[in-house]
Every structure is written in C-alpha cells, then in structure tokens.
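S.K.: Please work out how this folds:
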Amino acid sequence: MPFKPPEIVRCPKCSKAVYAAEEVLGAGQKWHKMCFTCGLCKKMLESTTVAEHEGLVYCKQCYGRKFGPKGYGFGGGAGCLSMDSGEHLGNKEGGMNNKPNYQAPPGTQ
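M.R.: All right, here's what the predicted structure looks like:
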C-alpha cells in the first residue's frame, strides 16, 4: 500500500494551511482563529455567534443589520425605530430595495 500524505485543509479567508492547534470550526469549514472574524465589523467570532450568508461569515448583529427585515418595528425593540443601516461598518447596501416595481393599474394616476 503506497504512502498517502494527509489532506491539507485550507482556511477559506487566507487560503493558508490550517493546523489542528489553531483551527476553529464554523460555517461548515475550518478557519484560523484570527481569520474567523465578522465580514462587516471585524469582531472575533465563535461557533455560537456566527451567521453565514453565501460563504461569508458575520456576527449575529451585523447579519441582522445587513440581511434582516427593514422598516418600522424591526430594530431596537420597545417601539424604537432604528435608522442604522451599518454604513459606518462597511455595509454599502443600506438603501431600501424592497420598493414595488409594478406598473399602477390604468385610471388610478
């Protein structure tokens, strides 16, 4: 039986080899501890505080801010309207993109 070297696991963020002493499991992959950070605010993540979207990892707060529901009633709670879109953290998708894109029926304009 020929010698078969062990498979080298690569970090999804930096593409370098991840060794057992420095690995963190999250989002179905193995990461370096220093690479396992939020995609917006760069906070260090743990397996319990991570949310994954299209291969990128975020902390729960930034994930909700970027991909969660927008508008009145979704935000700070207790009747608070939060206008924070996360632009100061690098979120460029802050605008309202859920506007209707249909044409009004004839005679209503």
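
S.K.: is it true that Cys62 lies in a helix?
M.R.: Yes - judged by DSSP: H, G, I helix; E, B strand; the rest coil, Cys62 forms part of a helix.

S.K.: ok, the nearest residue to it once chain neighbours are set aside to Lys4 distance?
M.R.: Excluding the flanking residues, the one nearest Cys62 by Cβ to Cβ, 6 or more residues apart in numbering is Leu40, at 4.2 Å. For every residue, glycine as well, the C-beta is placed using N, CA and C. Look at Leu40 and Lys4: by Cβ to Cβ, to the nearest Å, they are 41 Å apart.

S.K.: pLDDT on stretch 7-27, on average?
M.R.: In this model, stretch 7-27 has an average pLDDT of 90.

S.K.: quick one: contacts of that stretch?
M.R.: Residues outside stretch 7-27 that contact it (Cβ atoms under 8 Å, 6 or more residues apart in numbering) are 29-33, 35-36, 45-47, 50, 52, 55, 57.
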